[in-house]
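Colleague: Below are the sequence and a predicted model for it; my questions follow.
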Amino acid sequence: MKNILVLGASGVIGNALVKKLLETNKEDKILSISKNSRFDYEKDFSVWSRNGLDLTKPRCASNLLNSFHADTIYNLAAISTSYSPADAVWNTNTNICLNLLEACKEVSHAVKFIQAST
């Protein structure tokens, strides 16, 4: 059994990824994090959703990894629209990734990190 963290899980790719992960191994625990809650798999009890977690703050990323003990992280979180404020784009597309990578260095086990966002 693995603990899998999926960021950007309400997007098209993230939603499809979570569904595929659920089909592949039903024993895995999946924590999906997104800015909204449009999930097609909400009735599946091996998926926990957490909305509103501010991973642009290093402490939040660190606390998340220390409490969930993720074996694998899929970072699909991104802002891809040109009309979004520049600081929001930077925070989402860059700082979340950096904060999670730094948090991975702090945990006592190896974490596989897959970056696939904008």
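Modeller: Structure's in. What do you need? Numbers count the residues shown, from 1 in each chain.
Colleague: Show me what secondary structure element comes after the longest helix anywhere in the chain.
Modeller: For the chain, the helix with the greatest residue count under DSSP state H is helix 12-24. For helix 12-24, the following helix or strand on the C-terminal side (DSSP states H and E) is strand 29-34.
Colleague: so that following strand versus helix 12-24, what angle?
Modeller: With axes from the mean of the first three to the mean of the last three Cα atoms, to 10 degrees defining the directions, strand 29-34 sits at 170 degrees from helix 12-24.
Colleague: Mind checking what helix or strand follows the helix or strand of the chain with the lowest mean pLDDT in sequence?
Modeller: One helix or strand of the chain scores below all others by mean pLDDT, DSSP states H and E: strand 47-51, with a mean of 54. Using DSSP H and E, the helix or strand that follows strand 47-51 in sequence is helix 58-68.
Colleague: Tell me which residues of that next one come out buried.
Modeller: 61-62, 64-65, 68 (16 or more other Cβ atoms under 10 Å). The C-beta positions use only the backbone N, C-alpha and C, and glycine is treated the same way.
Colleague: which strands and helices sit next to the helix or strand that that helix is followed by?
Modeller: As assigned by DSSP H and E, the chain's next helix or strand after helix 58-68 is strand 72-75. On a contact count with 3 or more Cβ pairs under 8 Å, 6 or more residues apart in numbering; DSSP states H and E, strand 72-75 meets strand 3-7, helix 96-106, strand 112-115.
Colleague: Give the pairing partners of the first one; include direction for each.
Modeller: Each strand paired with strand 3-7, and its direction, by DSSP bridges: strand 29-34 (parallel), strand 72-75 (parallel).
Colleague: Tell me the one of the buried residues of helix 58-68 nearest A88?
Modeller: A61 (17.1 Å; Cβ to Cβ).
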